[in-house]
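Undergrad: the following comprises the amino acid sequence and a computationally predicted model.
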Amino acid sequence: MTIVAFVVLMCYGGGFGTMPAFAADYFGPKNVGPIYGLMLTAWGFASAFGPLLIAHMRETTGSYRGALHVIAGIMAISAVLPILVRPPRTRDAGTTETVSHPSARAVAGVRP
């Protein structure tokens, strides 16, 4: 159990390294600040109200079962979302061509 606990604890800080990189790749480097701020706000909101939700459901039903099912559903949705969502499409100023990702410009033949 100790080994599992340490593996989970080692992974916890990974979000602080991967979330800004994800935001930069997805929304572009100039938008990292506001988007990462929103991500941290959502993380803080969940850390404040998640335990309150679990406690409320435990008090009303007498069991943690319903709360854990709600959390499992939210986690399942959050695991599927990155597969379904694509980066927003951007329009280059000099062309009428729409590209889906900054790195796709080279593939599309658009010069910076």
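TA: In hand now; what should we look at?
Undergrad: now the host helix or strand of Gly50: buried residues?
TA: For Gly50, the element it lies in under DSSP states H and E is helix 32-61. In terms of neighbour count (16 or more other Cβ atoms under 10 Å), helix 32-61 has its buried residues at Val32, Ile35, Tyr36, Ile54, Met57. (C-beta placed from N, C-alpha, C; glycine too.)
Undergrad: show the subsequent helix or strand relative to it.
TA: Sequence-wise, the next helix or strand downstream of helix 32-61 (DSSP H and E) is helix 65-84.
Undergrad: report the backbone C-alpha coordinates of that following helix in CSV.
TA: Taking Å, rounded to 0.1, in the frame of the first residue of the first chain, the C-alpha atoms of helix 65-84 are listed here in CSV:
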residue,chain,number,x,y,z
ARG,A,65,-21.9,4.9,-2.8
GLY,A,66,-23.9,7.6,-4.6
ALA,A,67,-21.1,10.2,-4.3
LEU,A,68,-18.5,7.8,-5.6
HIS,A,69,-20.7,6.9,-8.6
VAL,A,70,-21.0,10.7,-9.4
ILE,A,71,-17.3,11.1,-9.1
ALA,A,72,-16.6,8.0,-11.3
GLY,A,73,-19.0,9.4,-13.9
ILE,A,74,-17.2,12.8,-13.9
MET,A,75,-13.8,11.0,-14.2
ALA,A,76,-15.1,8.9,-17.1
ILE,A,77,-16.3,12.0,-18.9
SER,A,78,-13.0,13.8,-18.3
ALA,A,79,-11.1,10.8,-19.6
VAL,A,80,-13.1,10.8,-22.9
LEU,A,81,-13.0,14.6,-23.5
PRO,A,82,-9.3,14.9,-24.6
ILE,A,83,-10.1,12.2,-27.3
LEU,A,84,-13.1,14.1,-28.6
